[in-house]
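**Q** My questions are about this predicted structure, shown below with the sequence.
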Number of protein chains: 2
Amino acid sequence: MTVGTGLWLNTLRAYSWVRMPPPYLGLDLGGSGTRAALVGEDGRLLARGVGPTGLTGGGAAGRRHLARALNATLAAIAQLVGDQSCSVFAGARGLSVPGRRESLMLELSTRFPNADVHESNDAVIALWGALAGREGVAVLSGSGSIALARSDDGREGRAGGWGYLLGDEGSGYWLGREALAAYLRALEGREAAGALAELVASEINTRSVPETIAWLYAGDQQVVRVAALAPLVTQAAARGDLVAVSTMRRTGQALADLAAAAARQVWPAVLPEGLLVACCGGVWSAGDTLAAPFASALAERLPGARCTLAALSPVGGALLLAMGADQHPIAPGVLENLREARL
Amino acid sequence: MTVGTGLWLNTLRAYSWVRMPPPYLGLDLGGSGTRAALVGEDGRLLARGVGPTGLTGGGAAGRRHLARALNATLAAIAQLVGDQSCSVFAGARGLSVPGRRESLMLELSTRFPNADVHESNDAVIALWGALAGREGVAVLSGSGSIALARSDDGREGRAGGWGYLLGDEGSGYWLGREALAAYLRALEGREAAGALAELVASEINTRSVPETIAWLYAGDQQVVRVAALAPLVTQAAARGDLVAVSTMRRTGQALADLAAAAARQVWPAVLPEGLLVACCGGVWSAGDTLAAPFASALAERLPGARCTLAALSPVGGALLLAMGADQHPIAPGVLENLREARL
């Protein structure tokens, strides 16, 4: 039955194609997964796909890995597009990894032979999605942290995105690192063990400094494993743990610093009235323990700025760019349709 | 001629062997090199060796790497010892790397078939060398940082040594990271570029944030390359750069925190009068810009403690342990001879 329905749907779509303008494909290639969506000119969803991350390393092995992730994510979409013309915009993490840009371009061109394909850093599509194409600042805090700013006349600013070795203050990785450090200080008798240390202990199930250090350095995926501890800081802050509360305050301040640095590169003297600052990324799910110190730090650094949550996802941002939002305005109806499809 | 002299010396030594008590071999297997010394019962130097590091990774490749480093370091010493009985003590970094302890034991037993071989973490031999076997605290700051404490009755304390991912505050890696962060903040317009940012710019020869981040993440050996930037902080502090001065102050405080945490594990209530705190590792070559903030932070945390420089090197510490300094006192003449040989 499923097969029958699938064929029928595909036939219907292939039929409606004939009179449809070329579709738009947005892609987000992140470190934790690959997401894609195909929409029509009006922003209505035609198909979406989700797959594993395709971004581990460069070289031939990296290329095969990417191909597998794209196969999983794009199977239905590629079949739907076929050899129709189409506009594709992909945002990918770590495009400076040697060969990644070229591999991505090749893999996409193979799957969409008549498409117009463009690529950017994944932070760029997050910026466009977060602000739904308007000017302003996007503060991204996921496993890493970065702020981007963009004015309507095309000036751009950037702060942070330094990666895990430099701390990425205010990121999930940094929060996880602070949680581990608090636990280690408690184990060394430098601080009383509060709620945060206890949460870490039961999460990683170690009881001594050497065990904890061994847990951290064993195997790979350190950044992902450390960032996964970030929610413990929020939980501990909610229970009133002083170390956790102070860490969340410093997180808010660090992210406000990033927002202000990016904004001041674009507007060194006078800020636009009601400058939009959109927050996106998993760390913001901390809610008020982060939002409150962020808002008060931001008010000091960028008076009059308005904090918002991201309007669209990075895939939504990629779709706006596939539609040429950096060249001409997008019709409001399109934005509504994208938002309705939770893009 | 050289060959002839060498043979003659070896014969002379082999001869004196007959009546000599078994010699002692101390080994320091660090991340930047391998050092060894052979001494007689009186602590007089019989031979020494220096080689490359043998500590890169585990498994069969790691074993081969270790064997090559030991060949280079121990060729002359192993020939001198032959199948005589001998007491060997080796301190090695990262003994928790799977297989490293076993490989080291095997390689040493093969080279010294009638030796009594013992191993420890490299920080332990540094502690014994720094305090020349006395009780007290050793604060090690090289590419990483750790403090160890030991009382005459054998109680032990440890703080830090968390490795580069957790920051290793007060270490050379941490100083280098602070230097890079200061440069990136200057590039992002978040701070005026002072002496520190200028020194980093000319050292790593980048002119933008993406270039600098690419420099950091390209290739491997990140920890070594970042730690190599540490001296720039001292230089900038000497020129009055405020960021650098503040960083050196925080370094001193962080290292005093480590010393106090290790000491309080051993002496939670009353400290021994005039507790010795020995400073060892390359970061201390910063001199007064570090020594002054360290001393004042230490005076607050461990009142009455006396700061000193390391009395002996880690190899000297390994020799003391090879001689059983943890079981019985070592004759003062031995210490004098070790010090005279710059061990």
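**A** It's in. Computed from a predicted structure; not experimentally measured.
**Q** now the strands: where do they sit in the stretch 51-200 of chain A?
**A** Counting by DSSP state E, counting those that start in this stretch, one finds strands in the stretch 51-200 of chain A at the ranges A:86-92, A:115-121, A:136-141, A:145-150, A:156-160.
**Q** in its sheet, what does the fourth one sit against?
**A** Applying DSSP bridges to the sheet, strand A:145-150 is found paired with strand A:136-141 (antiparallel), strand A:156-160 (antiparallel).
**Q** Put the alpha carbons of the shortest one into PDB.
**A** Below are the C-alpha coordinates for strand A:156-160, written out as PDB (Å, rounded to 0.1, in the frame of the first residue of the first chain):
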ATOM      1  CA  GLU A 156      28.700  42.400   7.200                       C
ATOM      2  CA  GLY A 157      30.200  41.800  10.600                       C
ATOM      3  CA  ARG A 158      31.400  38.700  12.400                       C
ATOM      4  CA  ALA A 159      32.600  37.900  15.900                       C
ATOM      5  CA  GLY A 160      33.500  34.600  17.500                       C
END
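**Q** which parts of it are buried?
**A** Buried residues in strand A:156-160, counted by 16 or more other CB atoms under 10 Å in any protein chain shown: A:Gly157, A:Arg158, A:Ala159, A:Gly160. Placement of C-beta: from N, CA and C, glycine included.
**Q** Report the spatially nearest residue to A:Arg101, omitting neighbours in sequence.
**A** Distances taken as CB to CB, 6 or more residues apart in numbering or on different chains place A:Leu95 nearest to A:Arg101, at 5.0 Å, with adjacent residues excluded.
**Q** whoops, A:Glu273 was the one
**A** In space, A:Glu273 is closest to A:Gly304, 6.6 Å off (CB to CB, 6+ apart).
**Q** Now the buried residues of strand A:156-160 in JSON lines, please, with extra columns for pLDDT.
**A** Listed next are the buried residues of strand A:156-160 as JSON lines, based on pLDDT from 0 to 100:
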{"residue": "A:Gly157", "pLDDT": "96"}
{"residue": "A:Arg158", "pLDDT": "95"}
{"residue": "A:Ala159", "pLDDT": "95"}
{"residue": "A:Gly160", "pLDDT": "94"}
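**Q** Between these, which sits nearest chain B?
**A** Set against chain B, the nearest of these by CB to the nearest CB is A:Ala159 (4.7 Å).
**Q** For the closest one, name its beta-bridge partners.
**A** Going by DSSP bridges, A:Ala159 forms beta bridges with A:Ala147.
**Q** Centroid-wise, who is the farthest residue in chain A?
**A** In terms of distance from the mean C-alpha position of chain A, A:Gly189 ranks first, at 37.8 Å (CA atoms, centre = their mean).
**Q** and that residue, how far is that from A:Ala138?
**A** 42 Å (CB to CB, to the nearest Å).
**Q** Check A:Ala254 too.
**A** 16 Å.
**Q** So which of those two has more stuff around it?
**A** For A:Ala254 versus A:Ala138, neighbours defined as other CB atoms under 10 Å in any protein chain shown are more numerous around A:Ala138 (29 against 22).
**Q** beta partners of that one?
**A** A:Leu148, A:Ala278.
**Q** so who does it touch?
**A** A:123, A:126-127, A:130-131, A:147-149, A:277-280, A:310 (CB atoms under 8 Å, 6 or more residues apart in numbering or on different chains).
**Q** Please report which of these has the highest neighbour count.
**A** A:Leu127 (32 neighbours).
**Q** Would you mind measuring from that residue to A:Asp326?
**A** A:Leu127 is 11 Å from A:Asp326, by CB to CB.
**Q** just the angle between the lengthiest helix in chain A and strand A:145-150, please?
**A** Longest helix of chain A, by residue count under DSSP state H: helix A:242-266. Counting by axes from the mean of the first three to the mean of the last three CA atoms, to 10 degrees, helix A:242-266 lies at 30 degrees to strand A:145-150.
**Q** At which residues are the strands of the stretch 201-343 of chain A located?
**A** Under DSSP E, counting those that start in this stretch, the stretch 201-343 of chain A gives strands at A:276-280, A:306-309.
**Q** so how far is the shortest one off the chain centroid?
**A** The one in question is strand A:306-309. 17 Å (CA atoms, centre = their mean, to the nearest Å).
**Q** what do you get for the first one?
**A** The gap between where strand A:276-280 is centred and where its chain is centred comes out at 12 Å by CA atoms, centre = their mean.
**Q** which outside residues touch that strand?
**A** A:126, A:129-131, A:134-141, A:255, A:259, A:263, A:291, A:294, A:298, A:302, A:305-311, A:314.
**Q** now with 6 Å?
**A** Contacts to strand A:276-280, defined as CB atoms under 6 Å, 6 or more residues apart in numbering or on different chains, come from residues A:126, A:130-131, A:136-140, A:259, A:305-310.
**Q** Tell me where chain A has helices.
**A** A:2-17, A:59-81, A:100-111, A:122-130, A:172-187, A:195-204, A:209-217, A:222-227, A:230-238, A:242-266, A:288-301, A:314-322, A:332-340.
**Q** can you tell me how far the nearest residue to A:Leu298 once chain neighbours are set aside sits from A:Gly281?
**A** Leaving aside its sequence neighbours, A:Leu298 sits nearest to A:Ala256 (CB to CB, 6+ apart; 4.4 Å). A:Ala256 is 15 Å from A:Gly281, where distance means CB to CB.
**Q** So the two - more neighbours on which side?
**A** Legend: neighbour count by other CB under 10 Å for A:Ala256 and A:Gly281, higher for A:Ala256 (26 against 23).
**Q** Domain parsing of chain A, as residue ranges.
**A** For chain A, the structural domains run A:21-132+A:312-340, A:137-309, going by automatic domain parsing.
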